[in-house]
Structures are given as structure tokens and as C-alpha cells.
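[1] after the sequence you'll find the predicted model.
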Amino acid sequence: MKKMLKLFLFIAVFIFVLVLAVNIYINNIKKNNPDNEITLADLQELSKSVNDDRVNILLLGVDSLDGSQNHANMRTDTMMLLSVDPKTKTAFILSIPRDTRAEIEEYKYKFNKINSAHSIGGINATLKAVKKLLNVDIHHFVKLDYQALFKTINDIGGVEVDVPMDMNYDDPYAVPPLHIELKKGLQLLDGEKSMQFLRFRYGYANQDLGRIESQQKFMTSLIKKVLSVESAVHIPQYIDTFYKYVQTDMSITDMLKIASKCIDIKPYNIKKEVLPGEAKTMYGTSYYIANPEKSKELLDTLLSGNYYISQEMQNENLTASNGGNSTDTSNVTNTQKIPYVVVLNGNGRQGSAQRAKDLLFVNNIEVQDSANADNFDYEETVVYYTDDEILAQNIATILGVNKITQENKAYYGKPTDIVVVLGKDFVK
């Protein structure tokens, strides 16, 4: 069950997407169908009663199969902070690793993994622990029941996913029992098949990182589907589903008030980040230790909203990246031209290039190509860059190497932005 509840990352993101979709519903559907219950005037009236201050919402997935409200039997397996700022028209989603070491007032030994706060003192203990960890106010919370996944995916008519391999696995002793049977290729997954796809982990070269990559692609498909006008006609049904399967201190009216303040927030102005830190063993227990300085720096940037991209800038980026041809921007979430990054295995160790690729991916850097280098005798890893020295340094830091060099490198005749040649010093 704990592994399955990691899937709540996507359900939690879906909640915010749902809020955005309300606005698409109002702007694209309501004006053509005056019999719908929700009207633009309704949201505008609600908006008058709400100021433009930032709203922070803690999103939680808990390991309870029966929906029991006994907090002593539930630990949070997924924890994210969703922050919405109507003033800057930006938002961010900050993931907090479940093993993060945090101060929990109600715990007799003071410090424990943050996912234990709920079982120790319920939602109030969790809210206090997160507030102390991040030093930010928490205005609302949302706690999710696993059944929401099945229902919401079915509500939107399934999610189109390119399954990277045949997925076959059975574990009758898992809770709930696990049966996975999916064929490779692009297909529409319903709620049950989506659960199979998201729970599968044993066929990836790097099990957890490969699974994260597939799950993030699933999330992208889910967001695109929910933000489509085709799906937006079912907004009231989505809200009913979440209100049934989600425990929250927000009423439907509260959700619509937030929606009224988010009408101008575009998908490409929603940042997704992970709390900076590292895994470490302390007192015989494995923890994730947050880095206070880097965490503060990241939160300051996110809370400033300085990453806002205007629609005009987005259109210019898209036009430039498509050779001057215009394109439909309704379902695009990238804000900048994606750098062409190549990773080459120059140490001869099997899986090195894939490992580097996965490390970069979970840090929001996409590798377009990877292969073997011209030989396996490279002692030192080198990050070659054409113009972007900051990106090169960031990549070197992620991979735990030091050498970066400005040099134009081509890959099969194609100009690149970054080429990483892995040497024997790459050990992450």
C-alpha cells in the first residue's frame, strides 16, 4: 500500500489542474450552454469576497485502505505544498520526501520522519511540522483516499500513455493485490490500467528513477487531458468525485473562490520542484536531510513569482523552437527552448549513461540522446557546453563531477547545447 500511495503525487497535482479546468469550463463551455449550474458571474461574485493574497495548500496521500479516520493507523506517503499567487499569476508544487527528518512537537523524541507526523498527532501535527520545516504558512489541506485515482481517471475518459515496454507482474499478497498486464505502445488507460502502469517498477533499468520518469510523463498526459475543452464539460462531476473521496478543510465554495483567482494562471507558469537535500543515515535510520540554505533559496525564488512567462513570450519561444512556424499553445507546458543534451558513456560501466540520464531527469533536465563514447578510457567526466555555462555547472553538480569546458560539440552532425562524456570518476 505504501508504494501504491506514491501515486497520490499525480492525484494531488490533478486537484490543482481541476481548479484550472473550472476556468476553462467557464470560458469555453458555459457561454455556449447557459443551463450549466456554474456561471462566470458566479465566480466573479465569489472573487470579490477573496483578496489576492497567496494561498498555500498542503496535499497529502495517506496509507489507509478502508478510509478510516483513525490517524494513529495512517502515515502520509505523499506530501506536497501547492502554492497559488493570483498577483503574479504563478503557482508552484513543492514535493517533500516522505523520509525528511523534521521536528514534530507531539513526538516524545522531538525529531522523526515527517511522514510519521500524521500517525502521531493527525493533520494538526502534520501542518505544524511542515510549517516549521519550510517556514511558510499553510492555509488549507487536502488528504486523499486511494479510490480517487480510479474514479477520476474514469471520469475524464482515460489517459493516453505511451507504455515503454510490456509490463507483466503479479503479487497476490500485496495490499491491494497487484496484477499488471500491459502491452508496449501508445494506448488509452482507464482507472484500473493507470494504476497498473503507475505501480509497475521492476522492468526499468534504474527501478525507482525509471518509474519516476514514467510517472511524470503520465502526469503530463493527465494535465493535458483535464485542461482540454473536451474534458472540461465534466467539471461538476470531477468536483463531486473529489469532494467524495478527499478530506479537506475547504468547501466547494472555497475551491471555486480559489478557482476564480486562478483564471489567468497558465500551465507553463506552474513550477514543480523537490525540497533540496540528501539521503543520510542517522542513529541507524535512513533519513532525507533537507538543506536549509538551498531550501530557503528555492522557496524565496518560488514565492517571489519572478518566473512568470507572458503569453507573448511563450508564443515567441514556441515560434522560435519551431523554425518560425506558429503552433497551437493550448496544451504546451514548456516555457523555454529545450536544450539539446547528450550523455555519452566513456567509462565502459553498463548502465552509466542511463544512470546519469535519470539523475538529470529528476532534476528537470531532459536528455535527448545517450550512447557509448568513442572509447571507454576516459578517466575524468567532462561537461562540454556551447553557450550555457550555468546549465553546464548545474549538470556537473547533479552528477557529482567538476570539469566543464566550453566547446562546440556535434552529435551525428547535429549541433548540441551540452555533451556529457562520463569518465571513471562518475560514481553516483
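    Thanks, I have the structure now.

[2] how about stretch 338-346: buried residues?
    Going by neighbour count (16 or more other CB atoms under 10 Å), the buried part of stretch 338-346 is 339-346. Glycine gets a C-beta too; all of them are placed from N, C-alpha and C.

[3] how about these in JSON lines, adding secondary structure and distance to Ile114?
    JSON lines is the format used below for the buried residues of stretch 338-346 (DSSP: H, G, I helix; E, B strand; the rest coil; distance: CB to CB, whole Å):
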{"residue": "Pro339", "secondary structure": "coil", "distance to Ile114": "34"}
{"residue": "Tyr340", "secondary structure": "coil", "distance to Ile114": "38"}
{"residue": "Val341", "secondary structure": "strand", "distance to Ile114": "33"}
{"residue": "Val342", "secondary structure": "strand", "distance to Ile114": "38"}
{"residue": "Val343", "secondary structure": "strand", "distance to Ile114": "33"}
{"residue": "Leu344", "secondary structure": "strand", "distance to Ile114": "39"}
{"residue": "Asn345", "secondary structure": "strand", "distance to Ile114": "37"}
{"residue": "Gly346", "secondary structure": "coil", "distance to Ile114": "39"}
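
[4] now those as a markdown table including distance to Val55 and pLDDT?
    As requested, the buried residues of stretch 338-346 are exported to a markdown table (distance: CB to CB, whole Å; pLDDT from 0 to 100):
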| residue | distance to Val55 | pLDDT |
| --- | --- | --- |
| Pro339 | 33 | 88 |
| Tyr340 | 38 | 90 |
| Val341 | 35 | 93 |
| Val342 | 41 | 92 |
| Val343 | 39 | 93 |
| Leu344 | 45 | 92 |
| Asn345 | 46 | 91 |
| Gly346 | 48 | 92 |
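
[5] and which of those is nearest Lys183?
    Val343 (28.9 Å; CB to CB).

[6] how about that closest one, what does it touch?
    353, 356-357, 360, 367, 369-370, 419-420, 422 (CB atoms under 8 Å, 6 or more residues apart in numbering).

[7] re earlier: now distance to Gly122 too, for the buried residues of stretch 338-346, in JSON lines please.
    What follows is these, written out as JSON lines (distance: CB to CB, whole Å):
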{"residue": "Pro339", "distance to Gly122": "45"}
{"residue": "Tyr340", "distance to Gly122": "49"}
{"residue": "Val341", "distance to Gly122": "45"}
{"residue": "Val342", "distance to Gly122": "49"}
{"residue": "Val343", "distance to Gly122": "45"}
{"residue": "Leu344", "distance to Gly122": "51"}
{"residue": "Asn345", "distance to Gly122": "49"}
{"residue": "Gly346", "distance to Gly122": "52"}
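
[8] would you map the helices across the stretch 201-350 of the chain?
    For the stretch 201-350 of the chain, the helices defined by DSSP state H, counting those that start in this stretch cover 207-226, 229-232, 235-245, 252-261, 292-304, 311-321.

[9] where among these is average confidence lowest?
    By mean pLDDT, the lowest-scoring of the helices of the stretch 201-350 of the chain turns out to be helix 311-321, with a mean of 53.

[10] settle this for me: Asn168 is touching Glu181, isn't it.
    Yes: with contact defined as CB atoms under 8 Å, Asn168 reaches Glu181; the gap is 5.7 Å.

[11] appreciated, that's everything.
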